[in-house]
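J.: Have a look; sequence and predicted model below, questions after that.
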2 protein chains.
Amino acid sequence: MSRSDGDPSPAVPDFERRVPPGDSVVRDVCARCGFVAYENPKIVVGSVVRVGEKVLLCRRAIEPSHGLWTLPAGFMELGETPEGGARREAREEALAEIEIRDLLAVYTIPRISQVQLIYRAGLSGGFAPGEESLEVALFAPDEIPWAELAFASVHWALTQEARWHAGEATGPFVNPPEGL
Amino acid sequence: MSRSDGDPSPAVPDFERRVPPGDSVVRDVCARCGFVAYENPKIVVGSVVRVGEKVLLCRRAIEPSHGLWTLPAGFMELGETPEGGARREAREEALAEIEIRDLLAVYTIPRISQVQLIYRAGLSGGFAPGEESLEVALFAPDEIPWAELAFASVHWALTQEARWHAGEATGPFVNPPEGL
């Protein structure tokens, strides 16, 4: 298909809220081209990487939460498994090869329609900051920068992983009660 | 914005493959309106609903796999938890109220970029076919219509749930080796 040469409209969508043909839910439909913007929850995959009594954290070089500490985690891409995505994120953000062990938790962040699959993992070899990280480091329990964590779910994951590691509980966990 | 009255183009998107501004991956971008079709894996939520020695299956009234048997399951919607979505699907497809117990499995279907979160559940009350089901029924182990299951992952879930129920293994499971 070719564009109409006489059309002066800028190349941006012109969404209106309506029920598309054959659907039952109101969606964003582009009045210009008919595109239906189905919105689905997005999947974040990541890991708590443990080395002995320490866990690995990355200090973010990107927004949101630039400068704060987080797990190696990010959006799952098409065509990969959640475990494969978690390994890719550790490779990208911490230049680290990890071994996935258990599914630590399934968190839901309804405000941003996000489901997080966080795994327990071990480290194979070294680590260093990737492009999206300012620093990568291992933290003993009393060294974790609780006041400088990037997201609530990092707090949840570190707390629940520590309980599992201590033999106090086994996962997979979900959002803690105070988190919902 | 209003549409150009003189534009004779039909209301369909005109996608081309290119890297959108600020991105690093080739995406479908509409040449007509500039819409970037980010594609993310989609989440299916569902349950194996057990009543004593029987499990609940629904015979599909819709494509794909019309007429075949499946678990109550479907796409997770915005703003719900996976467990809430699994309960909603049981309500829609089997007119059943269920109680979520454990996370049975996390399956990945890379070919269609789908992640399935399947739960073990119990039944509270009765059931009947919803709009998308021809029949809903409880099946004892030797009654399960293995040759008429709608999807491979239904087979995996029923097999793995039975092992968990028998005390032979505990989940959460992933795709069985032969399933990848």
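T.: Happy to help now that I have it.

J.: Just the helices from chain A, written as ranges.
T.: Taking DSSP state H as the criterion, chain A contains helices spanning A:82-94, A:152-165.

J.: I'd like the ones you listed as CSV, with mean neighbour count, mean pLDDT and distance to A:K54 appended.
T.: Using the backbone N, CA and C atoms, a C-beta is placed for each residue, glycine as well. Converted to CSV, those look like this (neighbours: other Cβ atoms under 10 Å in any protein chain shown; pLDDT from 0 to 100; distance: least, Cβ to Cβ, whole Å):
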stretch, mean neighbour count, mean pLDDT, distance to A:K54
helix A:82-94, 22, 97, 13
helix A:152-165, 19, 97, 11
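
J.: Now tabulate these in JSON lines and tack on distance to B:V29.
T.: Formatted as JSON lines, the helices of chain A follow (distance: least, Cβ to Cβ, whole Å):
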{"stretch": "helix A:82-94", "distance to B:V29": "24"}
{"stretch": "helix A:152-165", "distance to B:V29": "31"}
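
J.: Looking at those, which is nearest to B:E93?
T.: With Cβ to Cβ, the closest approach to B:E93 among those belongs to helix A:82-94: 25.2 Å.

J.: hmm, the closest one touching chain B?
T.: Yes. Helix A:82-94 reaches chain B (Cβ under 8 Å from any Cβ of the partner chain) through A:P82, A:E83.

J.: Can you name every helix or strand that that helix contacts?
T.: Other helices and strands packing on helix A:82-94, by 3 or more Cβ pairs under 8 Å, 6 or more residues apart in numbering or on different chains; DSSP states H and E, are strand A:42-51, strand A:54-60, strand A:73-75, strand A:97-109, strand A:114-124, strand A:133-139.

J.: JSON lines for the ones you listed, including mean neighbour count, mean pLDDT and distance to B:P129?
T.: Below are the helices and strands packed on helix A:82-94 laid out as JSON lines (neighbours: other Cβ under 10 Å; pLDDT from 0 to 100; distance: least, Cβ to Cβ, whole Å):
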{"stretch": "strand A:42-51", "mean neighbour count": "24", "mean pLDDT": "97", "distance to B:P129": "31"}
{"stretch": "strand A:54-60", "mean neighbour count": "23", "mean pLDDT": "98", "distance to B:P129": "49"}
{"stretch": "strand A:73-75", "mean neighbour count": "19", "mean pLDDT": "96", "distance to B:P129": "37"}
{"stretch": "strand A:97-109", "mean neighbour count": "20", "mean pLDDT": "97", "distance to B:P129": "29"}
{"stretch": "strand A:114-124", "mean neighbour count": "22", "mean pLDDT": "97", "distance to B:P129": "29"}
{"stretch": "strand A:133-139", "mean neighbour count": "17", "mean pLDDT": "98", "distance to B:P129": "52"}
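
J.: Same list, those, but as TSV with distance to chain B please.
T.: TSV is the format used below for the helices and strands packed on helix A:82-94 (distance: least, Cβ to the nearest Cβ, whole Å):
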stretch	distance to chain B
strand A:42-51	5
strand A:54-60	18
strand A:73-75	7
strand A:97-109	4
strand A:114-124	6
strand A:133-139	17
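
J.: which one of those strands lies closest to B:L134?
T.: strand A:114-124 (30.6 Å).

J.: any idea how far that closest one is from the chain center?
T.: A distance of 10 Å separates the centroid of the chain from that of strand A:114-124, by Cα atoms, centre = their mean, to the nearest Å.

J.: Stretch A:139-153 now?
T.: With Cα atoms, centre = their mean, you get 17 Å for stretch A:139-153.

J.: ok, now stretch A:70-89?
T.: Going by Cα atoms, centre = their mean, where stretch A:70-89 is centred and where its chain is centred differ by 8 Å.

J.: which other residues reach that stretch?
T.: Under the contact criterion Cβ atoms under 8 Å, 6 or more residues apart in numbering or on different chains, stretch A:70-89 has outside partners A:42-49, A:56-60, A:90, A:92-94, A:96-98, A:100, A:116-119, A:121, A:149-151, A:154, A:157, B:39-41, B:106, B:108, B:110, B:113, B:115, B:174.

J.: Next, the distance between the ends of that stretch.
T.: End-to-end distance for stretch A:70-89, by Cα to Cα, to the nearest Å: 12 Å.

J.: Check stretch A:162-170 too.
T.: With Cα to Cα, one end of stretch A:162-170 sits 10 Å from the other.

J.: ok now it, how far from the chain's centre?
T.: 23 Å.

J.: do it and chain B meet?
T.: No. Interface with chain B: stretch A:162-170 contributes nothing (Cβ under 8 Å from any Cβ), its closest point being 9.3 Å away.

J.: contact partners of that stretch?
T.: A:R50, A:D102, A:L104, A:R120, A:P141, A:Q160, A:G171.

J.: Fine, thanks again, bye for now.
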